[in-house]
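Enquirer: Prediction below, plus the sequence it came from.
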Amino acid sequence: AGNAPLLSVRGLNAWYGESHALHGVDLEVFRGETVTLLGRNGVGKTTTLRSIVGLIRKRTGEIGFDGHDLMHLPLHRTAYAGIGFVPEERGIFATLTVDENLVLPPVVAPGGMSVEEIFELFPNLKARRNSQGTKLSGGEQQMLAIARMLRTGVTMLLLDEPTEGLAPVIVQRIGDLLAELKARGMTILLVEQNFRFASRIADRFYLMEHGKVVGGFPVAELSSHMAELHEVLGV
Ligand code: ATP
């Protein structure tokens, strides 16, 4: 099965209490690909990422990742399977320093990066290693959140709007970082409103509406899909 997707989601439904948020999401991501989920606010992009890793337990459908059945894997086992979710609100330890944040997560797989490797990839974090999470800029917090995930040795990252609220120069730096991770073979599923940013690193796009994936195309076909994009994104 050399051609099997690394992540395969089929007919995914998810609920917040009685509220039915996902209505049969289908998507797949192949090893080494960067795929971006686009769609207006509230269509279910964040819910899709949260459901894949099991943060939302009220869900049905099929989620396969690298030979694991994520529908039946407890949340705390997903990093061991090799998939990590970086939420929009970042989830770093605000009162701990950069160093402490990097030492705390367990290195769970042989591919987990050492703190020294992290600092090579993120020189700006090294310069801030003794600063508390609360003292970091938004961009530094985002980089620290990604760095913590790289410590665990995951082979796939789910990133929820990593550029949200960041200045253009920092957005550029996050783009450089993701391009470097991609060059190293990382598989990435990205939720992103910043369409220009996504075009730089994505291989493919999926479009979401009303809790479903309604279309998709490779980045090379972007120009022929602009009308559809404008309609779905309302931009
Ligand atoms: P955004 O860019 O605003 O995050 P999104 O496409 O990621 O949008 P979701 O956050 O996944 O959308 O939301 C999908 C639907 O689920 C929306 O209708 C939203 O109001 C609803 N929803 C999200 N979180 C909750 C929650 N904790 N409880 C109840 N409903 C929720």
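Expert: Happy to help now that I have it. Residues are numbered from 1 along each chain as shown.

Enquirer: buried set for the lengthiest helix in the chain?
Expert: Of all segments of type helix in the chain, defined using DSSP state H, the longest is helix 168-183. Applying a neighbour-count criterion of 16 or more other CB atoms under 10 Å, the buried positions in helix 168-183 are 170-171, 173-175, 177-178, 181-182. In this view, the C-beta of every residue, glycine as well, is placed from N, C-alpha and C.

Enquirer: Pull the residues that contact it.
Expert: Counting contacts by CB atoms under 8 Å, 6 or more residues apart in numbering, the residues outside helix 168-183 that touch it are 32, 34, 121-122, 124, 137-139, 142-143, 146, 150, 157, 159, 162-163, 166, 188, 190, 194, 197, 200-201.

Enquirer: In strands, which of those residues fall?
Expert: Using DSSP state E to define strands, the subset of the contacts of helix 168-183 located there is 34, 157, 159, 188, 190.

Enquirer: OK, contacts around the closest residue to the first one other than its chain neighbours?
Expert: Counting by CB to CB, 6 or more residues apart in numbering, the nearest residue to residue 34 once its immediate chain neighbours are dropped is residue 188, at 4.3 Å. Counting by CB under 8 Å, 6+ apart, residue 188 touches 33-35, 156-157, 159, 178, 181-182, 201.

Enquirer: mind checking how far residue 188 is from residue 36?
Expert: Computed with CB to CB, to the nearest Å, the distance linking residue 188 and residue 36 is 9 Å.

Enquirer: returning to what we had before: closest one of the contacts of residue 188 to residue 22?
Expert: Within the contacts of residue 188, the smallest distance to residue 22 is 17.0 Å, found for residue 35 (CB to CB).

Enquirer: and that closest one, bridged to which residues?
Expert: Taking DSSP bridges, one obtains residue 189, residue 204 as the residues bridged to residue 35.

Enquirer: got the contacts of residue 188 as TSV, with distance to the ligand and pLDDT columns?
Expert: Listed next are the contacts of residue 188 as TSV, based on distance: CB to the nearest ligand atom, whole Å; pLDDT from 0 to 100:
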residue	distance to the ligand	pLDDT
33	21	97
34	18	97
35	15	98
156	19	97
157	17	97
159	12	97
178	19	95
181	22	96
182	23	96
201	19	93
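
Enquirer: about what we covered before: go through the contacts of helix 168-183 and flag which are in helices.
Expert: Among these, the ones falling in helices (DSSP H) are 121, 124, 138-139, 142-143, 146, 150, 197, 200-201.

Enquirer: Lowest-confidence one in those residues?
Expert: Lowest pLDDT among these: residue 197, with 87.

Enquirer: and the protein, which of its residues are near the ligand?
Expert: Contact residues (CB under 6 Å from any ligand atom) of the chain with the ligand: 16, 19, 21, 39, 41-47.

Enquirer: how much space is there between the residue lying closest to residue 94 once chain neighbours are set aside and residue 96?
Expert: Taking CB to CB, 6+ apart, and ignoring the residues beside it in sequence, residue 94 has residue 133 as its nearest neighbour in space, at 4.1 Å. Distance, residue 133 to residue 96, by CB to CB: 6 Å.

Enquirer: Mind checking which of the two has more residues around it?
Expert: residue 133 (19 against 15; other CB atoms under 10 Å).

Enquirer: so the more buried one makes contact with residue 99?
Expert: No. Under the criterion of CB atoms under 8 Å, residue 133 lies out of contact with residue 99, with a separation of 11.1 Å.
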